[in-house]
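Colleague: Here is my input; please provide its structure:
(one chain, ligands or ions: 1)
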Amino acid sequence: MRKHIFNAGPCKLPDATLENVSSAVIELGNTGQSILEVSHRSADFQAVHDEAINLFREVLDIPADYSVLFLGGGASLQFCMIPYNFLNTRAAYVNTGTWSTAAIKEARMWGEVDVIASSEADGFTYYPPFTIPADVDYAHFTSNNTIRGTEIFTDPDSPVPLICDMSSDICSRPVDVSKYAMIYGGAQKNIGPAGVTFVIIKNDMLERVVAGRIIPTMLRYKTHVEKGSMYNTPPCVNILGVKETLKWIKSLGGLKAMEKLAITRSDMIYNELEKSKLFRPVVKEGSRSRMNIPFLLREGHEGLEKEFLDFAKSRNIVGIKGHRSVGGFRASVYNACSIEDVKALVTAMQDFAAKH
Ligand SMILES: *Cc1c(COP(=O)(O)O)cnc(C)c1O
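Modeller: The predicted model follows:
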């Protein structure tokens with residue numbers, strides 16, 4: 001039986017993705033070859049690659065003067081590639097938790113980092129407001145903080161190129177891509193299996209690469225843009241997984257439909273947390289993520305953690321153990337997480353509370 005999956009990443013994927021990728025592992029179309037075997041230079045794979053990019057363009061409404069890349073190395077490699085390519089003297093970063101802290105650490109290897117806002121002093125329990133200065137090479141922020149469970153739902157105005165790590169909320173709401181110079185993330189949180197990183201980059205950024213800096217070929221965006229994201233062997237089966245998931249998103253009505261679902265799912269959980277006698281939310285209202293919802297036991301009940309995890313497990317609920325830096329529990333309710341999954345969790349919370 002399929003479990004109710006609330007893993008923070010890799011994420012739950014739609015049944016259609018699992019079925020269509022499985023079938024392509026046996027045979028890709030009528031090629032007589034598996035997706036695991038087919039040449040990445042063949043017309044058959046090129047068609048998969050092109051469709052994945054075109055679906056991404058369509059679903060996210062990506063303007064024509066942007067390139068879409070599927071790379072390796074995870075979002076973590078982007079933390080280093082971004083400053084390597086674009087940080088000449090100073091960049092502005094917003095610090096909203098573990099992942100932005102990791103991005104800042106890499107950027108400091110290449111230049112000065114101006115942390116323009118941070119919620120660190122408050123345990124990253126809210127999304128701090130920020131204004132982007134005009135005298136920096138670029139500005140960077142994390143739209144959804146997977147570990148802390150905070151999220152920003154607007155596309156900020158910026159006088160400089162704006163770069164966003166959207167690993168864990170990509171395709172969960174419509175985004176005005178034209179406000180960004182670059183959007184990137186690991187696919188495994190919301191749009192596919194682990195092993196592929198998406199990069200949406202405005203083509204004029206290639207002219208902003210730090211002059212005179214020697215950058216290894218694989219770490220230059222230009223290399224990948226010029227080769228249509230096929231400079232080296234791409235992660236073929238993962239790209240197919242992304243393609244199938246984007247097709248599924250489109251079939252449900254695109255990002256407006258995803259946003260509606262995300263609001264419904266997260267409201268169900270936050271409403272329960274607000275009224276529960278046993279559980280409470282961690283994040284302040286106004287900053288609450290629709291994707292990752294950390295929650296704790298209320299005062300006096302802290303000892304029940306292991307018991308609730310076992311109780312949830314007995315109801316086929318997996319992946320709700322909290323990140324070690326927050327403790328307690330975390331429900332990750334990504335695009336493919338169904339209302340039934342959320343109902344199962346909320347019912348488990350209610351039944352467990354009734355027992356205590
Ligand atoms: C998971 C995550 C990362 C790291 O992604 P990898 O693909 O594992 O390198 C970076 N940023 C955010 C917001 C994440 O959720």
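Colleague: List the beta-bridge partners for H140.
Modeller: Y93, I163 (DSSP bridges).
Colleague: give me the beta-bridge partners of the residue of the stretch 101-250 of the chain found nearest the ligand?
Modeller: Proximity of the stretch 101-250 of the chain to the ligand (C-beta to the nearest ligand atom) peaks at G186, 2.7 Å away. For the C-beta atoms, the positions are set from N, CA and C on the backbone; glycine is no exception. Beta-bridge partners for G186, by DSSP bridges, are T197.
Colleague: Wait, it touches G9, no?
Modeller: Yes: counting by C-beta atoms under 8 Å, G186 touches G9, with 7.2 Å between them.
Colleague: Next, show the common contact partners of these two.
Modeller: Counting by C-beta atoms under 8 Å, 6 or more residues apart in numbering, the residues touching both G186 and G9 are A194.
Colleague: Compare these two (neighbour count), which wins?
Modeller: Higher neighbour count among G186 and G9: G186, with 27 against 17, using other C-beta atoms under 10 Å.
Colleague: In contact with the more buried one, which residues are there?
Modeller: G186 touches 9, 74-76, 167, 194, 196-197, counting by C-beta under 8 Å, 6+ apart.
Colleague: and with 10 Å instead?
Modeller: By C-beta atoms under 10 Å, 6 or more residues apart in numbering, the contact set of G186 is 9-10, 73-78, 146, 165-168, 170, 192, 194-198.
Colleague: check contacts around L18.
Modeller: Counting by C-beta under 10 Å, 6+ apart, L18 touches 2, 12, 193, 241, 244, 336.
Colleague: number of nearby residues for the residue lying closest to the fifth one once chain neighbours are set aside?
Modeller: Residue nearest to E244 in three dimensions, not counting chain neighbours: T17, with 4.2 Å by C-beta to C-beta, 6 or more residues apart in numbering. T17 is flanked by 23 other residues according to other C-beta under 10 Å.
Colleague: Hmm, G192 and T17 touching each other?
Modeller: Yes: contact criterion C-beta atoms under 10 Å: T17 and G192 qualify, at 7.5 Å.
Colleague: re earlier: does the residue nearest to E244 lie in a helix or a strand, and which?
Modeller: helix 15-26 (DSSP states H and E).
Colleague: List the buried residues in that helix.
Modeller: Within helix 15-26, the residues scored as buried using 16 or more other C-beta atoms under 10 Å are 17-18, 20-21, 24.
Colleague: what element comes up after it heading to the C-terminus?
Modeller: With secondary structure assigned by DSSP H and E, helix 15-26 is succeeded by helix 43-60.
Colleague: how many degrees apart are that following helix and helix 15-26 in direction?
Modeller: Counting by axes from the mean of the first three to the mean of the last three C-alpha atoms, to 10 degrees, helix 43-60 lies at 170 degrees to helix 15-26.
Colleague: and whichever residue of the stretch 201-350 of the chain sits closest to the ligand, what is it in contact with?
Modeller: Ranked by C-beta to the nearest ligand atom, the top residue of the stretch 201-350 of the chain for proximity to the ligand is N292, at 8.3 Å. By C-beta under 10 Å, 6+ apart, the residues touching N292 are 6, 8-9, 144-151, 168-169, 189, 266, 283, 323, 326, 330-334.
Colleague: Which positions in the protein make contact with the ligand?
Modeller: 9, 74-76, 99, 142, 146, 165, 167-168, 186, 189 (C-beta under 6 Å from any ligand atom).
Colleague: D157: which element?
Modeller: Going by DSSP H and E, D157 is not part of any helix or strand.
Colleague: Just list the residues touching it, thanks.
Modeller: Going by C-beta under 10 Å, 6+ apart, D157 touches 131-132, 179.
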